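Asker: Task: produce atomic coordinates for the following.
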Amino acid sequence: MAEAMQVELVSADRSVWSGEARQVNARTTEGDLGVMSDHTPVMSVLVPGVVEVIEPDDVSFQAAVAEGFISVADNRVSVLSESITLRDEIDIEEARAELAAAEDDLQMRRAIAKIHAAGHTV
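Answerer: From the prediction side, this is the model:
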């Protein structure tokens with residue numbers, strides 16, 4: 001089993017989650033990124049999407065993230081984004097309303113990320 005890493009999810013207005021995980025999956029401008037312990041240091045730009053965190057006991061959770069950054073170094077992963085919403089914080093009807101009202105591609109991708117993180121399809 002992979003060694004645990006320290007992970008933090010931080011949005012512009014709050015620290016969303018901090019703890020240990022054995023894997024973090026995120027979507028970047030370069031493609032999907034999966035991080036486990038002893039990963040090579042990297043800093044990449046996040047695109048709106050879903051970040052998955054798999055804790056040491058194999059419990060996983062998802063969060064919708066807007067654009068931001070992911071930083072990996074020394075078994076620490078930092079996800080920094082303008083907005084991060086944990087799956088259990090997402091109101092699916094509100095997310096669908098945001099998608100219907102989206103005026104540009106970025107707003108649309110943010111709303112779709114929330115819908116996917118909530119376990120629904122568009």
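Asker: from what I can see Ala117 touches Arg87, true?
Answerer: Yes: here Ala117 reaches Arg87: they are 5.2 Å apart, a contact under Cβ atoms under 8 Å. C-betas here are computed from N, CA, C, even on glycine.
Asker: So for these two, which residue has more residues nearby?
Answerer: Each of Ala117 and Arg87 has its neighbours counted (other Cβ atoms under 10 Å); Ala117 has more, 25 against 17.
Asker: Need phi/psi at that one.
Answerer: Main-chain torsions, Ala117, degrees, to the nearest 10: phi -60, psi -30.
Asker: Contacts only, for it.
Answerer: Counting by Cβ atoms under 8 Å, 6 or more residues apart in numbering, Ala117 touches 50, 62-64, 85-87, 90.
Asker: 7 Å - rerun?
Answerer: 50, 62-64, 85, 87, 90 (Cβ atoms under 7 Å, 6 or more residues apart in numbering).
Asker: The residue most central in space within the chain: what secondary structure?
Answerer: With distances taken as Cα atoms, centre = their mean, Val51 lies nearest the centre of the chain, 2.6 Å away. Judged by DSSP: H, G, I helix; E, B strand; the rest coil, the three-state class of Val51 is strand.
Asker: Kindly report the same for Ala113.
Answerer: Relying on three-state DSSP, one would call Ala113 helix.
Asker: doesn't Val47 make contact with it?
Answerer: No: between Ala113 and Val47 there is no contact under Cβ atoms under 7 Å: 8.9 Å.
Asker: Save the contacts of Ala117 as a markdown table, and put in distance to Val24, pLDDT and secondary structure too.
Answerer: Listed next are the contacts of Ala117 as a markdown table, based on distance: Cβ to Cβ, whole Å; pLDDT from 0 to 100; DSSP: H, G, I helix; E, B strand; the rest coil:
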| residue | distance to Val24 | pLDDT | secondary structure |
| --- | --- | --- | --- |
| Val50 | 11 | 97 | strand |
| Gln62 | 11 | 97 | strand |
| Ala63 | 10 | 98 | strand |
| Ala64 | 15 | 98 | strand |
| Thr85 | 17 | 97 | strand |
| Arg87 | 15 | 96 | helix |
| Ile90 | 19 | 97 | coil |
